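S.K.: Curious how this folds, go ahead:
(chains A and B)
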Amino acid sequence: MKKEVAIIGVGQSSFVRGYEGSIRELAFEAFREAMQDAGLTQKEVDASIFCSAPEYDKQRSPAGVLAEYLGLIPQPTLYVETVCSSSSTGIRVAYGMIKSGLHDVVVVLGFQKMSEITSAESQERMGRGADIQWEAPFGTMMPAYYALYAQAYMAKHGLTHDDLMNVRIKSSTYGVINDRAVYRKPVKPEDFKQGDPEAKMAGPVAWPLRVGDCCANADGSSCIILANAEKAKAFSKKPVWVIGIGAASEAVNMAARPDFTKGLSVGYAAAAQAYKMAGVTAKEVKVAEVHDCFTIAEIMAYEGLGFASTGEGKQLIREKATYKEGRIPVNVDGGLLSKGHPIGATGGSQIRTIVLQLRGEAGAMQVAGEPDIGLVHNIGGVGLYGNVTILGRD
Amino acid sequence: MGFEKFGRKSFTAITKTAKFVDFLTEGKIKGTVCKDCRAKYFPPRADCAKCFSKNMDWFDMPERGKLETFTTAYYAPLGFEADPPYTMGVVDFGDGLKLFARLSKILKPEEVKVGMAVTVQPIKYDDGQISFEILKA
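M.R.: Numbers count the residues shown, from 1 in each chain, chains lettered A, B, ... in the order given. Below is the predicted model:
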C-alpha cells in the first residue's frame, strides 16, 4: 500500500435547506471539525484549496475571503471547480502538491450555499453546466440529462422503476440514521405509487425519473486535511492513506456521447486509473460511496466501478448486496439522495464517510468486519468530470 | 450576432458558427466539415480538433436517423416555464453523427420509442426564435 499522502482530519457541516449564515460561517463549521479531528492549529497548515460551483455565490473569488475567515492567511490559497466533483478535484490537487514536496499539510474545503437562489434559478444554472450554445436553448436541466441515460438503459437492460425505487429506499434507510443528512424520513414503496396524490415521490420530473429518483439541493460544507507521511505519523494515530486516484473528462454535448446504455464513460475511466494506481481490484473494496445524484446514477456507478458487469447493476439492488450487511456496502450514509447535494461540498462529504468507516468511527452506519479499503466515486455534471479515490489504512 | 435567435432561449449571441441560424431559416440543418481532413462535426465547430485547421465548410445533415434516447421534462428551468411538458432526445444518424433536440409536440407520448425512425426539421416559434425539432420519419 502506498503511504505517501494521508488524510489526517475530516469534517462536515449538517446538510440543510436554507442555512442560517453566510458562506464563511458555513465553511467554518466543517473546518472546525476537521482541525479538531486532526489536532492541528492553523500554523501547521501550509496551503488551502476551496471548492464550489461559483455561480451560486455572490462573492467573487471566495478562496481569499474564506482563507481569511478560517485563519489560513498568509499561506497560499486557491480555488478549484469541477461542479459536483469540485472537492474530489481539490483532493487531487492537494495530492499533487504534497507528493511533489511543495507542501506538507493542505486543507481542502468544499462548500455550497444553494439556497442563495430559487430552485428554478438553480435548475437554470445547472442546465448551463451543460452546453449553453447547443443544448441549454432547448430547456435542459440535470434530471432531464440523467433521464436520457435512464431511458436508454432501462430499454436495453430491463432495469425497472421498482429497481430505481429500491435504490431510494436503501438510501433512506441510512438517511434516517445520519444526523448530517437533509432528508431523514424513511421512504416506503407507497411513496412511489403512481396516481396517488399522497405519494410524494411518484410525480414525474423528467420521465422516466420521478421526484423520488432525484437528490435535493442543500447547503453544506466539508473539509479534508491531507498530509505527507512524516506529518501524518506526527499528527495522526489513525491516518487513512490515499492509495489510488483517478480522474477523467467526457464531451459535454449529448450528441457526442458514444452509448447511453453503458453509463458514464468517466466512471469507468477514473475507476480503472484508481484501481491500477492502488494495485487493488473491485473485489477488495469493502465499502464505497458513489455519486447517486439520481437513482439511475447509482446503478450506473456499480457498473463503472466493476461491482457488477454492464447491464447487471440491477442485481445488486435486487439482492440487497449494497446494503450495510451486503457483499459491497454502498452509500450507507444515505448518499446524495438522502444527505442532499451541496455541490462543492459533496465529494469531501463522501471522503469523510469512507475515512470514518476505515477508522471504525462511523457509528450506527459502521460496516462490520473492520473495512481496510474504501472507495469514493464523485461525478461532475452529467459525467462531464469523473473522480474515483481509493483509500486504505494501516 | 445572429445566434441569439437560436432555440427557445439562446445564451450565446456571438459565435463563428452563427451562419447555422441563417441555414435554419432557409430550411436547412447543417454541420461543419473540415476541408483539410474531412472530419465532420455536429453541432458545428469553427475549428477542427483533429488537424487544427480553421478551413471549415458546411454540409447537410442526414435526413433519417433513429431515436437513441429521450426524456419528457415536467419542470423547466428559468425562462422556459411556459413550455412543459416537452420531450427532448438524441438522434443517431450513424457514422458518428448525432443530434440533440426537442421532439415535435405533434408526436403523441405513446408513439415515442427508443430506436424509432426519425427525421429532423427546422421550426420557427411565434416569438421569432428559430430551432430544429425531431419528428417521426
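S.K.: residues contacting B:Asp92?
M.R.: By Cβ atoms under 8 Å, 6 or more residues apart in numbering or on different chains, the contact list for B:Asp92 reads B:Gly65, B:Lys66, B:Leu67, B:Glu68, B:Lys98. Any C-beta I mention is one placed from the backbone N, CA and C, and that applies to glycine too.
S.K.: who does the helix or strand where the third one lies touch, helix- and strand-wise?
M.R.: What it means is B:Leu67. Secondary structure assigned from DSSP states H and E places B:Leu67 in strand B:64-73. Secondary-structure packing of strand B:64-73 (3 or more Cβ pairs under 8 Å, 6 or more residues apart in numbering or on different chains; DSSP states H and E): helix A:142-157, strand A:204-207, strand B:86-94, strand B:97-103, strand B:117-124.
S.K.: And what about the residue nearest to A:Ala282 when sequence neighbours are not counted, helix, strand or coil?
M.R.: Nearest residue to A:Ala282 in three dimensions, chain neighbours excluded: A:Gly306, at 3.5 Å (Cβ to Cβ, 6 or more residues apart in numbering or on different chains). Judged by DSSP: H, G, I helix; E, B strand; the rest coil, the three-state class of A:Gly306 is coil.
S.K.: Pull up the gap between A:Gly306 and A:Ala150, please.
M.R.: A:Gly306 is 21 Å from A:Ala150, where distance means Cβ to Cβ, to the nearest Å.
S.K.: One more: A:Ala288?
M.R.: Taking Cβ to Cβ, one finds A:Ala288 at 21 Å from A:Ala150.
S.K.: try A:Asp259
M.R.: If you go by Cβ to Cβ, the gap between A:Asp259 and A:Ala150 works out to 14 Å.
S.K.: can you check A:His341 too?
M.R.: Distance of A:His341 to A:Ala150, given as Cβ to Cβ: 17 Å.
S.K.: can you check A:Lys324 too?
M.R.: For A:Lys324, the distance to A:Ala150 - Cβ to Cβ - is 26 Å.
S.K.: Please identify which of these two sits among more neighbours.
M.R.: Between A:Lys324 and A:Ala150, A:Ala150 has the larger neighbour count (other Cβ atoms under 10 Å in any protein chain shown), namely 28 against 20.
S.K.: Backbone torsions only: list them for the residue of chain B found nearest chain A.
M.R.: Scanning chain B for proximity to chain A using Cβ to the nearest Cβ identifies B:Gly7 as nearest, at 2.2 Å. Phi and psi for B:Gly7, reported as degrees, to the nearest 10, are phi 80, psi -180.
S.K.: wait, it sits on A:Thr140?
M.R.: No: using Cβ atoms under 8 Å, B:Gly7 makes no contact with A:Thr140, being 10.1 Å away.
S.K.: who has more neighbours, these two?
M.R.: Using other Cβ under 10 Å, the more surrounded residue of B:Gly7 and A:Thr140 is A:Thr140, with 32 against 25.
S.K.: Retrieve the pLDDT associated with the more buried one.
M.R.: At A:Thr140, the pLDDT value in this model is 92.
S.K.: can you pull the contacts of the residue of the stretch 1-150 of chain A found nearest chain B?
M.R.: Relative to chain B, the nearest point of the stretch 1-150 of chain A is A:Pro137 (2.2 Å; Cβ to the nearest Cβ). Residues near A:Pro137 by Cβ under 8 Å, 6+ apart: B:Phe6, B:Gly7, B:Arg8, B:Lys9, B:Ser10, B:Phe11, B:Ser131.
S.K.: Tell me which two of these sit farthest apart.
M.R.: The span of the contacts of A:Pro137, defined through Cβ to Cβ, is set by B:Phe11 and B:Ser131 at 13.6 Å.
S.K.: Okay, now the unreliable bits of the chain?
M.R.: Answering for chain A, as no chain was given. Judged by pLDDT under 70, chain A has its weakly predicted residues at A:127.
S.K.: That was the other one, I meant chain B.
M.R.: Applying pLDDT under 70 to chain B flags the ranges B:1.
S.K.: on that earlier part again, right, so the helices and strands packed on strand B:64-73: which one is the most enclosed?
M.R.: Of all these, helix A:142-157 has the most neighbours on average by mean count of other Cβ atoms under 10 Å in any protein chain shown, namely a mean of 24.
S.K.: picking up where we left off before, and which of the contacts of A:Pro137 is nearest A:Asp46?
M.R.: Top of the list for closeness to A:Asp46, among those and by Cβ to Cβ, is B:Phe11 at 40.0 Å.
S.K.: so the closest one touches A:Gln133, yeah?
M.R.: Yes: using Cβ under 8 Å, B:Phe11 is in contact with A:Gln133, at 7.2 Å.
S.K.: Residues of the stretch 151-300 of chain A that sit close to chain B?
M.R.: Residues of the stretch 151-300 of chain A lying near chain B by Cβ under 8 Å from any Cβ of the partner chain: A:151-152, A:155, A:203-209, A:253-257, A:260.
S.K.: For those residues, which two are the farthest from each other?
M.R.: Most distant of those, by Cβ to Cβ, are A:Gly203 and A:Ala256, 31.5 Å apart.
S.K.: A:Ser87 versus the residue positioned nearest the centre of chain A, what's the distance?
M.R.: Nearest residue to the geometric centre of chain A (Cα atoms, centre = their mean): A:Gly347, 3.7 Å. From A:Gly347 over to A:Ser87 the distance is 4 Å, taken as Cβ to Cβ.
S.K.: what residues are shared contacts of those two?
M.R.: Contact criterion Cβ under 8 Å, 6+ apart; residues shared by A:Gly347 and A:Ser87: A:Cys51, A:Gly110, A:Ser222, A:Asn378.
S.K.: Adding neighbour count and secondary structure, write these out as a markdown table.
M.R.: As requested, the shared contacts of A:Gly347 and A:Ser87 are exported to a markdown table (neighbours: other Cβ atoms under 10 Å in any protein chain shown; DSSP: H, G, I helix; E, B strand; the rest coil):
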| residue | neighbour count | secondary structure |
| --- | --- | --- |
| A:Cys51 | 33 | strand |
| A:Gly110 | 33 | strand |
| A:Ser222 | 35 | strand |
| A:Asn378 | 31 | strand |
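S.K.: For stretch A:274-286, report the contacting residues that lie outside it.
M.R.: Contacts for stretch A:274-286 (Cβ under 8 Å, 6+ apart): A:1-2, A:243-246, A:271, A:305-307, A:328-329, A:367, A:369, A:371-375, A:388-390, A:392.
S.K.: from those residues, which would you call buried?
M.R.: Neighbour counting by 16 or more other Cβ atoms under 10 Å in any protein chain shown classes A:2, A:243-246, A:271, A:305-307, A:328-329, A:367, A:371-375, A:388-390, A:392 among the contacts of stretch A:274-286 as buried.
S.K.: Give me the subset of the residues you listed lying in helices.
M.R.: Within these, residues falling in helices by DSSP state H are A:Ala271.
S.K.: Just to be sure, which of the buried ones among the contacts of stretch A:274-286 are found in strands?
M.R.: Per DSSP state E, strands hold the following members of those: A:Ile243, A:Gly244, A:Ile245, A:Gly246, A:Ile373, A:Gly374, A:Leu375, A:Val388, A:Thr389, A:Ile390, A:Gly392.
S.K.: Of the contacts of A:Pro137, which is the nearest to B:Lys50?
M.R.: B:Phe6 (25.3 Å).
S.K.: For the closest one, name its beta-bridge partners.
M.R.: Counting by DSSP bridges, B:Phe6 is bridged to B:Ile130.
S.K.: Run a quick neighbour tally on A:Glu20.
M.R.: Neighbour tally, A:Glu20, other Cβ under 10 Å: 9.
S.K.: Unless I misread the structure, it falls within a helix.
M.R.: No: applying three-state DSSP, one finds A:Glu20 to be coil, outside a helix.
S.K.: Tell me the spacing between it and A:Glu68.
M.R.: 22 Å.
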